[in-house]
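1. Let's see this in three dimensions:
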Amino acid sequence: MENFILDLLKKSGADGWAVRDEIRTGWEFYFIRHALDQNRVRETEHITLTIYRAFEEDGKKYLGSASAELAPTATETEAEKLIRSLLFEAGLIRNRAYTLNPPRGDAATPAAAPELRTIAGDFLRAMRSVEESAEADINSYEIFTDSVCRRLVTSTGIDVTDVYPSSMAEVVVNARDDRREIELYRMYKSGSCDAAGLKANVEETLRFGRDKLRAGKTPALGKCDVVFSTDDALEIYDYYIDRMNAGMVYQGISAARSAKRWPRTRAATS
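-> Below you'll find the predicted structure:
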């Protein structure tokens, strides 16, 4: 984060401000089955400015805020222009007044940067240890491992830096027999790599694919009472409510109609 950004914020006349600076260093791997197709290293930075303006209107106090991202390559002139724009926008927001958080205690010492080589290696070994078969195997997978350094500086005196790992794996598996082939997709998010959990989950997905191959059509059971509870019942009600929405009917998305004509009512008179 360039020092001129903080200097401009301090001189802006804002009633409060905050800067978030996030730097991500990432390693990416793309595999077709278990053969490496491509990989790359990337580094990105995102700087987000937030401006607060306090004002009073009709006897009520407000604290408006506005945020925007500033390019890490921005010049001092560009930063000053963005801050002026945010000052104006914050004055248009009618949020009830509140107090910005001050520092509480001493900031903890940032952790050491995650070792991406180790985390990526754990992912690779976990994927290669998955038990596959001729009936169900891994089609492809992608691994993303990041080291994130995030700094927050505010007008109230907060200045903290946090360093942590952030990872994601995307896996596509196939199950097949003489009749058909099924493709299943799974995404896993974590900090570092939970090798045992990842291996177990991918193998469970492979078993799920094999089970779907053996699944058949539900036989005709005739009419019977079915009870839905908790979230399942809510999903069913939400479906019918959405289908009866006038906007859905008007746009032709739904052909639902009310099953009864609602009685007309008269306004009460004194």
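2. mind checking which helix or strand the closest residue to E76 other than its chain neighbours is in?
-> In space, E76 comes closest to F4 once its chain neighbours are excluded; the distance is 4.9 Å by CB to CB, 6 or more residues apart in numbering. For the C-beta atoms, the positions are set from N, CA and C on the backbone; glycine is no exception. In this assignment (DSSP states H and E), F4 forms part of helix 3-10.
3. The helix or strand following that helix pairs with which strands, parallel or anti?
-> Note on helix 3-10: by DSSP H and E, the next helix or strand toward the C-terminus is strand 16-32. Here strand 16-32 has these sheet partners by DSSP bridges: strand 35-57 (antiparallel), strand 136-154 (antiparallel).
4. now the first one against helix 3-10, angle please.
-> Strand 35-57 and helix 3-10 meet at an angle of 20 degrees, taking axes from the mean of the first three to the mean of the last three CA atoms, to 10 degrees as the criterion.
5. what are the phi and psi angles of I93?
-> Note on I93: its backbone torsions stand at phi -100, psi 130 [degrees, to the nearest 10].
6. what sits against E45?
-> D21, E22, I23, R24, P72 (CB atoms under 8 Å, 6 or more residues apart in numbering).
7. Would you confirm that the third one contacts I47?
-> No. With contacts counted by CB atoms under 8 Å, I23 stays clear of I47, the gap being 9.6 Å.
8. Those two: who's more crowded?
-> The neighbour comparison of I23 against I47 (other CB atoms under 10 Å) goes to I47, with 20 against 17.
9. Who are the contact partners of the nearest residue to that one once chain neighbours are set aside?
-> Leaving aside its chain neighbours, I47 sits nearest to L70 (4.6 Å; criterion: CB to CB, 6+ apart). L70 is in contact with I5, I47, T48, L49, E78, A79, L82, counting by CB under 8 Å, 6+ apart.
10. among those, which two are most distant?
-> Farthest pair in the contacts of L70 (CB to CB) is T48 and E78. Separation: 14.9 Å.
11. Only alpha carbons, please: show stretch 5-19 as PDB.
-> The C-alpha trace of stretch 5-19 is given here as PDB (Å, rounded to 0.1, in the frame of the first residue of the first chain):
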ATOM      1  CA  ILE A   5      -3.100   6.800  -0.100                       C
ATOM      2  CA  LEU A   6      -3.100   7.200   3.700                       C
ATOM      3  CA  ASP A   7      -2.000  10.800   3.500                       C
ATOM      4  CA  LEU A   8      -4.800  11.600   1.000                       C
ATOM      5  CA  LEU A   9      -7.400  10.000   3.300                       C
ATOM      6  CA  LYS A  10      -6.200  11.900   6.300                       C
ATOM      7  CA  LYS A  11      -6.500  15.200   4.500                       C
ATOM      8  CA  SER A  12      -9.800  14.300   2.700                       C
ATOM      9  CA  GLY A  13     -12.100  15.800   5.400                       C
ATOM     10  CA  ALA A  14     -13.900  12.400   5.800                       C
ATOM     11  CA  ASP A  15     -15.400  11.700   9.100                       C
ATOM     12  CA  GLY A  16     -13.900   8.200   9.000                       C
ATOM     13  CA  TRP A  17     -12.200   5.900   6.500                       C
ATOM     14  CA  ALA A  18     -10.800   2.400   6.100                       C
ATOM     15  CA  VAL A  19      -8.300   0.800   3.700                       C
END
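12. Cool, thanks, signing off.
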